[in-house]
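Asks: Predicted model and sequence follow; I will ask about them next.
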Amino acid sequence: MCKKILIVLLFILSTISSCEKNTASSRRENVSEENIPVVEEVEIFINEYRWIDSKDGMRMREAPDPSSETITTIPGYEKVLLLKETGDEMTLQEHTGKWSNIRWNDQTGWVFGGYLSREELVDLSQSTYISGKYYLVDDPYNEQYIEFFDDNTSIIYENMCEGFYKAEYIYTLNNKIIEIYDAHEPVADSAFIEISIITVEELELTKGASAITCGNLQDPTKLLLTMK
């Protein structure tokens, strides 16, 4: 009789153990299915100002998609608030960036971030002055420069053949053309130096290179903005 009772008890314990294992296995399977990750776009929040680096402006769209509806067109060089970025980096016409969510004039939308500049930009075609120190490229002395100030004066560190001198001149800026005058007031057709603005960091001296370099450089020659 005792043996029969013992056998029954062992059978019951074996059944309970089997049920617990099945239940645990079922729980593990459920947890595994619930934890499958959902792939989502990673958004990076920024909240910093940027400037539109395109003279033609940029379209602001409703969604980060080139086929999305256009909300408005933002003029070139405008200041915008960059809210966040999303997606992978893209390259368009040598400009690299992500889809960027921005705010401008109380409107919020998406633009291609490759044309957003961290530096404040100005429309030089409308400007009447420029500022910065520009060194002559390919200068054998590596020290000749033209420095412009926002009061329409300039300093040229020039090679006068017998030595180097700093001289102050006045200049005018119209439609990205700089004309430098050897006088206190500009006189028509009297500019002895003419410079074309390529970008805010690069100029091209189209007239007068030989005069200020003792013939070491000829027209045209480039000038580059430097932080020296």
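Replies: Sure thing, it's come through.

Asks: Tell me the bridge partners for the most centrally placed residue in the chain.
Replies: Geometric centre of the chain, nearest residue: residue 117, 3.3 Å, by Cα atoms, centre = their mean. As for beta bridges, residue 117 partners with residue 51 under DSSP bridges.

Asks: show me the contacts for it.
Replies: By Cβ atoms under 8 Å, 6 or more residues apart in numbering, the contact set of residue 117 is 50, 51, 52, 53. Placement of C-beta: from N, CA and C, glycine included.

Asks: Where is pLDDT lowest across those residues?
Replies: Summarising pLDDT for these: the lowest-scoring member is residue 53, with 89.

Asks: Now do that residue against residue 97, distance only.
Replies: Distance check for residue 53 against residue 97: by Cβ to Cβ, to the nearest Å, it reads 10 Å.

Asks: can you tell me which helix or strand residue 180 belongs to?
Replies: strand 177-181 (DSSP states H and E).

Asks: what comes into contact with that strand?
Replies: Identification of contacts with strand 177-181 by Cβ under 8 Å, 6+ apart yields 130, 146, 148, 154, 156, 169-172, 186-187, 190-197, 203, 208.

Asks: hmm, 10 Å instead?
Replies: 125, 129-130, 146, 148, 152, 154, 156, 169-173, 186-187, 189-197, 203, 205-208, 212 (Cβ atoms under 10 Å, 6 or more residues apart in numbering).

Asks: Indicate each strand paired with that strand and its parallel or antiparallel sense.
Replies: strand 164-174 (antiparallel), strand 193-199 (antiparallel).

Asks: returning to that earlier point: JSON lines for the contacts of residue 117, including neighbour count?
Replies: Below are the contacts of residue 117 laid out as JSON lines (neighbours: other Cβ atoms under 10 Å):
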{"residue": "50", "neighbour count": "22"}
{"residue": "51", "neighbour count": "18"}
{"residue": "52", "neighbour count": "22"}
{"residue": "53", "neighbour count": "16"}
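
Asks: For those residues, which two are the farthest from each other?
Replies: Using Cβ to Cβ, the contacts of residue 117 reach their maximum pairwise distance at 50 and 53, which is 8.5 Å.

Asks: count of neighbours near the nearest residue to residue 151 once chain neighbours are set aside?
Replies: Distances taken as Cβ to Cβ, 6 or more residues apart in numbering place residue 129 nearest to residue 151, at 7.5 Å, with adjacent residues excluded. Look at residue 129: counted by other Cβ atoms under 10 Å, it has 16 neighbours.
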